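Enquirer: Sequence and predicted structure below; questions after.
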Amino acid sequence: MGFSFELTAFSYPDYVGCIDSRKSTSEGIQFLGDKLVSWMSKKQNCTAMSSAEAEYVALSVSCAQVMWMRTQLQDYGFNYNKIPLYCDC
């Protein structure tokens, strides 16, 4: 049985997640095959005016993490042309 090295990411925005500051939260997880290799949860720096804006910010944070992971994996000889990034929108 082989191990899959497919890189997959999921983004979970939480519109107005912080009740005190009214700022949204960006959350994301990244899998290498079926193994969880990275996760993050961070309050967004801006106050989103809509849920769509909060989703866009969360996706950009997740995309940056995935691009960093892709660069690291390329050092080990793995190449990725397409990396699925799913959003719970």
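Expert: Structure's in. What do you need?

Enquirer: quick one: which helix or strand includes the most centrally placed residue in the chain?
Expert: With distances taken as C-alpha atoms, centre = their mean, residue 62 lies nearest the centre of the chain, 2.6 Å away. Element membership for residue 62 (DSSP states H and E) is helix 51-74.

Enquirer: which of the residues in that helix are buried?
Expert: 53, 54, 55, 57, 58, 59, 61, 62, 65, 66, 69, 73 (16 or more other C-beta atoms under 10 Å). Every residue, glycine included, has its C-beta placed from N, CA and C.

Enquirer: Check which helices and strands it is in contact with.
Expert: Contacts defined by 3 or more C-beta pairs under 8 Å, 6 or more residues apart in numbering; DSSP states H and E place helix 51-74 against strand 7-14, strand 25-32, strand 35-43, strand 85-87.

Enquirer: can you list contacts of that helix?
Expert: Contact with helix 51-74 is made by 5, 7, 9-16, 24, 26-28, 30, 32, 37-38, 40, 42, 44, 46, 48, 80, 83, 85, 87, 89, as judged by C-beta atoms under 8 Å, 6 or more residues apart in numbering.

Enquirer: what is the orientation angle of that helix with strand 35-43?
Expert: Put simply, helix 51-74 runs at 140 degrees to strand 35-43, going by axes from the mean of the first three to the mean of the last three C-alpha atoms, to 10 degrees.

Enquirer: any idea of the angle helix 51-74 forms with strand 7-14?
Expert: 150 degrees.

Enquirer: got the helices and strands packed on helix 51-74 as a markdown table, with mean neighbour count columns?
Expert: As requested, the helices and strands packed on helix 51-74 are exported to a markdown table (neighbours: other C-beta atoms under 10 Å):
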| stretch | mean neighbour count |
| --- | --- |
| strand 7-14 | 20 |
| strand 25-32 | 20 |
| strand 35-43 | 12 |
| strand 85-87 | 15 |
